[in-house]
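Colleague: Curious how this folds, go ahead:
(4 chains)
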There are 2 protein chains.
Amino acid sequence: MRTQAGHVDADVLDGDVAAQANAVRRPGRPRSERAEQAILDAALAAIGDHGVEGVRCEDVAARAGVGKATLYRRWACKEDLLIAAFASLKTPLPRPRGESAREDLIAMLEVMAADADDPRYARQFALLHGEGERFPRLVARYREQVVEPRRELIRSVLRRGIATGELRPDTDVEIAMLTLSGAVLARGKHDTTPAEPGFAARVVDELLRGIAAR
Amino acid sequence: MRTQAGHVDADVLDGDVAAQANAVRRPGRPRSERAEQAILDAALAAIGDHGVEGVRCEDVAARAGVGKATLYRRWACKEDLLIAAFASLKTPLPRPRGESAREDLIAMLEVMAADADDPRYARQFALLHGEGERFPRLVARYREQVVEPRRELIRSVLRRGIATGELRPDTDVEIAMLTLSGAVLARGKHDTTPAEPGFAARVVDELLRGIAAR
DNA sequence: AGATTCCGATACGGTCCAGTTTCGTATCGA
DNA sequence: TCGATACGAAACTGGACCGTATCGGAATCT
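Modeller: Next comes the predicted model:
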């Protein structure tokens, strides 16, 4: 029993909402909302600098200008903190405008490519490729809340394109989705491809028209 | 000065070759070749189980049925051991048969997809996505010796296909390469796509003919 | 035989770091 | 003002793990 009274697991998921809904105000000095946000921001910065495994709670507290106790009063362990930090990093996906599959896909990939260039996100990719052993709940949550929604959005755009006749009816949606998102993943930050401008459009167009002659 | 006499850095890269070339036989009991191989195998198994960061030298020695001293007599530090372990894991890439770009690409992707399903390899992907901070030399070596050769091979197949007229002359080789290898990367082990049979062929074909209607 | 180097096993020192505790102080409701 | 809780700072505990040292014994050379 590590969490204190009033701090149940749900707080990890959406602490602010639960805190406000929980109208029974506790006596004593209220927790600093500023500190809370500073900790989450510091955690994200630390992830960006040292990777998920490399985050040190002491460092996070120092960056946030906060004592470690303040941190552990809110989250029971490191993984809970990381989960909350990722949850606080909201990336609104572009709503497909629905006019053309091509444009929607380009918009999607542009957002994903921009995210991949943000170190706070780039580190998260490692979670899916072996690093996540120490934080299984974090990995599961990341997949549910970040990876899968994006994939499903791409799938839906592809399906709509098939329905409207813009795309071939025999398109393998799953393969096309993996091809598109994989290109962004493979580009990464690490090699000689620094933030090319038309990257997303070129990927989409190359897949759309195919590279076979004729 | 940690390495012993006769053990220079080159040994880390290709210990066996250097040992045989170094014909000056040292007095005393020779090092066990069996132990050496057992350690490398154990290291690869440990990487597969716990990831690059999760490998414990103590565990590697135990798996190999070897004392830790035997391990440190050969490699000065953990990173050197990991480098040697990766180096010992040779994956012969298929020689492009050159008859058709399509077949060569499929063969390439099949090998890469099979590797991605091997936990000993799968963990390595994490190196490229943030985990490698602690082992910079390992990351550099992995990129040089594993990632780049594969990419270049794909590029060369694409270029040849353009030259023979099988592929469109205005194909963006880099984009196509990222798309193909990215699909393998994105598939990963982690989601609901367990070792599908025709995966590689479907990726290649979808890119070749395009998904746009008409 | 004797010197030398290796072997597996085990104990040890040192560092890093998650999580706890303590302390003096600040902020709330009553 | 009083009780309760929060705050930052810092000390502390305990475990994990890298790398070293030491041991008795084995293999190989001269």
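Colleague: What's the first helix or strand after the host helix or strand of A:Y142?
Modeller: In this structure, A:Y142 sits in helix A:136-142 according to DSSP states H and E. Sequence-wise, the next helix or strand downstream of helix A:136-142 (DSSP H and E) is helix A:148-164.
Colleague: Need the CA coordinates for that following helix. PDB is fine.
Modeller: As requested, C-alpha coordinates have been extracted for helix A:148-164 and formatted as PDB (Å, rounded to 0.1, in the frame of the first residue of the first chain):
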ATOM      1  CA  GLU A 148      -2.800   2.100 -32.500                       C
ATOM      2  CA  PRO A 149      -4.800   5.300 -32.900                       C
ATOM      3  CA  ARG A 150      -2.400   6.500 -35.500                       C
ATOM      4  CA  ARG A 151      -2.400   3.300 -37.300                       C
ATOM      5  CA  GLU A 152      -6.200   3.100 -37.300                       C
ATOM      6  CA  LEU A 153      -6.400   6.600 -38.600                       C
ATOM      7  CA  ILE A 154      -4.200   5.700 -41.500                       C
ATOM      8  CA  ARG A 155      -6.200   2.600 -42.100                       C
ATOM      9  CA  SER A 156      -9.500   4.500 -42.200                       C
ATOM     10  CA  VAL A 157      -8.100   7.000 -44.700                       C
ATOM     11  CA  LEU A 158      -7.000   4.100 -46.900                       C
ATOM     12  CA  ARG A 159     -10.400   2.400 -46.600                       C
ATOM     13  CA  ARG A 160     -12.200   5.600 -47.500                       C
ATOM     14  CA  GLY A 161      -9.900   6.100 -50.500                       C
ATOM     15  CA  ILE A 162     -10.800   2.600 -51.600                       C
ATOM     16  CA  ALA A 163     -14.500   3.400 -51.200                       C
ATOM     17  CA  THR A 164     -14.300   6.600 -53.100                       C
END
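Colleague: Just the buried residues of the helix holding A:Y142, please?
Modeller: Within helix A:136-142, the residues that qualify as buried by neighbour count (16 or more other CB atoms under 10 Å in any protein chain shown) are A:L138, A:V139, A:R141, A:Y142. The C-beta positions use only the backbone N, C-alpha and C, and glycine is treated the same way.
Colleague: State the distance from the residue nearest to A:Q145 when sequence neighbours are not counted to A:G54.
Modeller: The spatially closest residue to A:Q145, leaving aside those adjacent along the chain, is A:A87, at 7.4 Å (CB to CB, 6 or more residues apart in numbering or on different chains). With distances defined as CB to CB, to the nearest Å, the gap from A:A87 to A:G54 amounts to 20 Å.
Colleague: Quick one: residues contacting A:A64.
Modeller: A:A64 is in contact with A:A35, A:A38, A:I39, A:D41, A:A42, A:L71, counting by CB atoms under 8 Å, 6 or more residues apart in numbering or on different chains.
Colleague: that older thread, off-centre distance for the helix holding A:Y142?
Modeller: Taking the mean of its C-alpha atoms, helix A:136-142 sits 11 Å from the chain's own mean (CA atoms, centre = their mean, to the nearest Å).
Colleague: Report whether that helix contacts DNA strand C.
Modeller: No - judged by CB under 7 Å from any atom of the strand, helix A:136-142 makes no contact with DNA strand C; its nearest approach is 12.5 Å.
Colleague: Give me the contacts around that helix.
Modeller: Helix A:136-142 is contacted by residues A:V52, A:E79, A:L82, A:I83, A:F86, A:A87, A:Q124, A:L127, A:L128, A:G132 when judged by CB under 8 Å, 6+ apart.
Colleague: Need the pLDDT of the last one.
Modeller: pLDDT, A:G132: 70.
Colleague: Chain neighbours aside, what residue packs nearest to the residue most central in space within chain A?
Modeller: By CA atoms, centre = their mean, the mean C-alpha position of chain A lies nearest to A:V146, the distance being 4.6 Å. Setting aside the residues directly before and after it, A:V146 is nearest to A:Q124 in space (CB to CB, 6+ apart), at 7.2 Å.
Colleague: distance of that neighbour from A:L208?
Modeller: Where A:L208 is concerned, A:Q124 sits at a distance of 29 Å (CB to CB).
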